[in-house]
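Engineer: Below is the sequence, then the predicted model.
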Amino acid sequence: MNEHETQGRILSDLRKALRPKMSTVEIDYFMQDIKFTSTKYPGDFSIIDVIFYQQWKVHIHDFKQYFSGDAGGIAGLGFGCGSGYLYTDDIEKLFRETKTFYWFSAEIVYYSIYFLGEKSKLLGHFQAYGGAPSVGGTGGGSGSWK
């Protein structure tokens, strides 16, 4: 699968994951800001999962800041890590304004982390293809860039 096909699949899987949680209008609003044409920054992530609780760390290469977040959700028990890209139009705004995040892992093939600001406005998203994912599921919580 090429990068364009992978991105299409990510969006399709995200829409499916959001269906039980949001109305179609809310999903469309959330997804309208997801862009893969934004500036992308390479980085790494790790997740520790204890079934209903997840702890996330995301580090973007060439930046001092890292994301630290705690989430609730449904997932397995374990640890995951890998590399991917952060997509955002304004990395400084993302660092300043991130309050919450939503994550999901489809078929334990990749992880998607969506960073949100006030009123659930999407500020950027991290997509990790491959790596060593061992925790599948979905969830959300609070976090910030430190």
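Structural biologist: All right, it came through fine. Numbering: from 1, shown residues only.

Engineer: Can you give me the buried ones in the lengthiest helix in the chain?
Structural biologist: Assignment by DSSP state H gives helix 3-18 as the longest helix of the chain. Buried positions in helix 3-18, judged by neighbour count with 16 or more other C-beta atoms under 10 Å: 7, 10, 13-14, 17-18. Using the backbone N, CA and C atoms, a C-beta is placed for each residue, glycine as well.

Engineer: Is it possible to get TSV of those residues that adds distance to Gly141 and pLDDT?
Structural biologist: Formatted as TSV, the buried residues of helix 3-18 follow (distance: C-beta to C-beta, whole Å; pLDDT from 0 to 100):
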residue	distance to Gly141	pLDDT
Gln7	25	72
Ile10	20	74
Asp13	20	78
Leu14	17	77
Ala17	16	77
Leu18	16	76
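
Engineer: any chance of the residues you listed in a markdown table, plus distance to Gly78?
Structural biologist: Shown next, in a markdown table, are those (distance: C-beta to C-beta, whole Å):
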| residue | distance to Gly78 |
| --- | --- |
| Gln7 | 26 |
| Ile10 | 22 |
| Asp13 | 20 |
| Leu14 | 22 |
| Ala17 | 19 |
| Leu18 | 24 |
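
Engineer: returning to what we had before: from the chain's centre, how far out does the longest helix of the chain sit?
Structural biologist: Relative to its chain's centre, helix 3-18 lies at 12 Å (C-alpha atoms, centre = their mean, to the nearest Å).
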